[in-house]
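Novice: The amino acid sequence is not available; the structure is as follows:
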């Protein structure tokens with residue numbers, strides 16, 4: 001299986017396992033800058049050079065060799081399941097993507113027909129009941145993850161622990177896993193642990209958010225989107241994420257973790 005979703009600097013200074021909707025655009029740009037002294041002009045996900053990516057055939061052997069060698073610093077970044085699934089809804093379901101089209105072609109029309117959601121009209125600008133539509137989307141996300149219908153789960157709402165685990169199962173080991181909610185502190189730990197050609201001041205790094213402005217603005221606090229049933233569905237989908245990454249299931253309003261990440265626990269439980 002190799003190392004899907006894994007990026008590495010060309011200088012081989014650091015390896016990163018991408019977890020969608022967890023600051024991956026910003027992290028990719030920081031990695032690019034650390035090698036080249038400038039940011040990639042465009043969305044880092046579109047970069048075909050300047051950064052090793054597992055999806056690029058000519059990068060696979062370099063990434064495999066470095067990960068299996070085990071001497072290069074490896075890390076990833078995770079996010080509170082409540083805010084992550086909500087972000088996926090506004091970006092991928094309600095939003096118009098950077099190609100000017102709906103995400104995954106006929107998926108949104110299918111959701112409108114089968115689950116009765118609304119997305120703010122053709123361009124996402126019309127008013128609609130965000131809470132009701134999000135809760136219906138949550139049913140769809142659960143159906144894709146638990147029963148793989150009406151389609152396989154999408155990477156943007158499949159569990160973070162699933163993404164994190166592939167790196168471990170295939171022979172990698174993380175030196176650091178940090179939270180999106182404490183981004184600068186976590187990313188600084190990574191930068192302090194590696195040698196890079198170009199120094200970076202995290203306070204001056206732009207926030208590269210590919211979904212910014214693509215969809216309707218969230219009108220309510222996070223906790224308003226989750227009633228008792230919604231919380232139950234989120235826990236059913238993301239139990240391992242809450243447990244391993246120490247997030248607060250009981251209170252959707254609390255985005256911050258409630259404990260420290262235990263790397264040994266994560267490698268033991270996700271390495272099977």
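Specialist: Yep, that arrived. Predicted model only: the values in this text are computed from it and were never measured. Numbering: from 1, shown residues only.
Novice: can we go C-alpha only for contacts and neighbour counts from here?
Specialist: OK.
Novice: how far is the host helix or strand of residue 28 from where the chain is centred?
Specialist: Assigned by DSSP states H and E, residue 28 belongs to helix 24-36. Put simply, helix 24-36 sits 15 Å off its chain's centre (C-alpha atoms, centre = their mean, to the nearest Å).
Novice: From the contact counts, what lies against that helix?
Specialist: strand 6-9 (3 or more C-alpha pairs under 8 Å, 6 or more residues apart in numbering; DSSP states H and E).
Novice: ok, residues contacting the helix holding residue 28?
Specialist: 7-11, 18, 38-40, 43-45, 50-51, 77, 196-200, 205-210 (C-alpha atoms under 8 Å, 6 or more residues apart in numbering).
Novice: Retrieve the pLDDT associated with residue 213.
Specialist: Note for residue 213: predicted pLDDT of 60.
Novice: Tell me which helix or strand comes right after the helix holding residue 28.
Specialist: strand 51-53.
Novice: For the closest residue to residue 251 other than its chain neighbours, give its distance to residue 87.
Specialist: Excluding the flanking residues, the one nearest residue 251 by C-alpha to C-alpha, 6 or more residues apart in numbering is residue 223, at 7.7 Å. Distance of residue 223 to residue 87, given as C-alpha to C-alpha, to the nearest Å: 13 Å.
Novice: For the helix holding residue 28, the averaged confidence score.
Specialist: Helix 24-36 comes out at a mean pLDDT of 97.
Novice: neighbours around the closest residue to residue 180 other than its chain neighbours, how many?
Specialist: Counting by C-alpha to C-alpha, 6+ apart, residue 180 lies nearest to residue 79, which is 5.3 Å off, once chain neighbours are set aside. If you count neighbours by other C-alpha atoms under 10 Å, residue 79 ends up with 27.
Novice: Might you report the residue contacts of residue 79?
Specialist: Counted by C-alpha under 8 Å, 6+ apart, residue 79 has contacts 21-22, 160, 179-181.
Novice: and those, which of them are in strands?
Specialist: residue 179 (DSSP state E).
Novice: Would you check which pair of the contacts of residue 79 lies furthest apart?
Specialist: Among the contacts of residue 79, the pair separated by the greatest distance (C-alpha to C-alpha) is 160 and 181, at 14.6 Å.
Novice: quick one: which of the two has more around it?
Specialist: Between residue 160 and residue 181, residue 160 has the larger neighbour count (other C-alpha under 10 Å), namely 26 against 17.
Novice: How about the contacts made by that one?
Specialist: Counting by C-alpha under 8 Å, 6+ apart, residue 160 has contacts 19, 78-79, 241.
Novice: which among the contacts of helix 24-36 end up buried?
Specialist: 7-11, 18, 39-40, 43-44, 50-51, 77, 196, 200, 208, 210 (16 or more other C-alpha atoms under 10 Å).
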